[in-house]
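**Student:** Here is a sequence with its predicted model. Questions after.
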Amino acid sequence: MARRQIVDILNGARARDLAVTIQYMWQHYEAQGLQSPAVAAIFKKVAMEEMRHAERFAKRIVCLGGTPTHTPGLIRKSKDLQAMVADDLGCEDEAIAMCRSGVDACEQGGDYVTRRLFEEILAQSEGHRDIFQTLLGRKGEGP
């Protein structure tokens, strides 16, 4: 039971990471305005990190006997730069909540390897949230 729940949480996290990889790369190409070159570079960097998260989740799912999802979650497509960054901040807040849920489930299920994976990605997601908060002038806010 615990293993199935952990695989489900991992697949949910993978679907989210697949979605934000697509979303952040789309933003990298579509960002416009005076500040867009610097922000577009941030979108690309974070997208690459999210792609690595999706891969790490998939590897762990396979180790646990599951099948990694190939279907991304919700992809948000805003038109202006500020709305894009606000969308991304919300995505990182979702990732943080998902990783915390994963840590709790792994602790209850005694899966310390997967717990460590969630903790590592949680720390990176908090870093991404900090980047997007800074871009929006909201440094230090959050859950």
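**Tutor:** Everything's here; your move. No experiment lies behind these values; they were computed from the predicted model shown.
**Student:** measure the residue of the chain most remote from its centre to A40 for me?
**Tutor:** Seen from the C-alpha centroid of the chain, the residue lying at the greatest distance (Cα atoms, centre = their mean) is L34, 26.9 Å away. Relative to A40, L34 is positioned 12 Å away (Cβ to Cβ, to the nearest Å). In this view, the C-beta of every residue, glycine as well, is placed from N, C-alpha and C.
**Student:** ok so, going back, how would you label the residue farthest from the centre of the chain: helix, strand or coil?
**Tutor:** At L34 the chain is in coil, as set by DSSP: H, G, I helix; E, B strand; the rest coil.
**Student:** same deal with P72?
**Tutor:** Classification of P72 using three-state DSSP returns coil.
**Student:** got a list of what it touches?
**Tutor:** Residues in contact with P72 (Cβ atoms under 8 Å, 6 or more residues apart in numbering) are A15, L18, A19, T21, I22.
**Student:** and it, backbone torsions?
**Tutor:** With angles defined as degrees, to the nearest 10, P72 sits at phi -70, psi 160.
**Student:** go on, I75?
**Tutor:** For I75, the backbone dihedrals are phi -110, psi 120 (criterion: degrees, to the nearest 10).
**Student:** quick one, what contacts it?
**Tutor:** Contacts here follow Cβ under 8 Å, 6+ apart; on that basis I75 touches A19, V20, I22, Q23, W26.
**Student:** ditto for C106
**Tutor:** So, once contact is read as Cβ under 8 Å, 6+ apart, C106 ends up touching I6, Y112, T114, R115, F118.
**Student:** cool, A86 as well?
**Tutor:** Under the criterion of Cβ under 8 Å, 6+ apart, the neighbours of A86 are S78, F132, L136.
**Student:** so how far is G127 from it?
**Tutor:** From A86 over to G127 the distance is 18 Å, taken as Cβ to Cβ.
**Student:** Where does the prediction get shaky in this structure?
**Tutor:** By pLDDT under 70, the low-scoring segments of the chain are 1, 140-143.
**Student:** if we can go back for a sec, out of the contacts of A86, which one sits closest to V62?
**Tutor:** Proximity of the contacts of A86 to V62, judged by Cβ to Cβ, is greatest for F132, which lies at 30.9 Å.
**Student:** Wait, the closest one touches E92, no?
**Tutor:** Yes: taking contact to mean Cβ atoms under 8 Å, the distance of 6.1 Å between F132 and E92 places them in contact.
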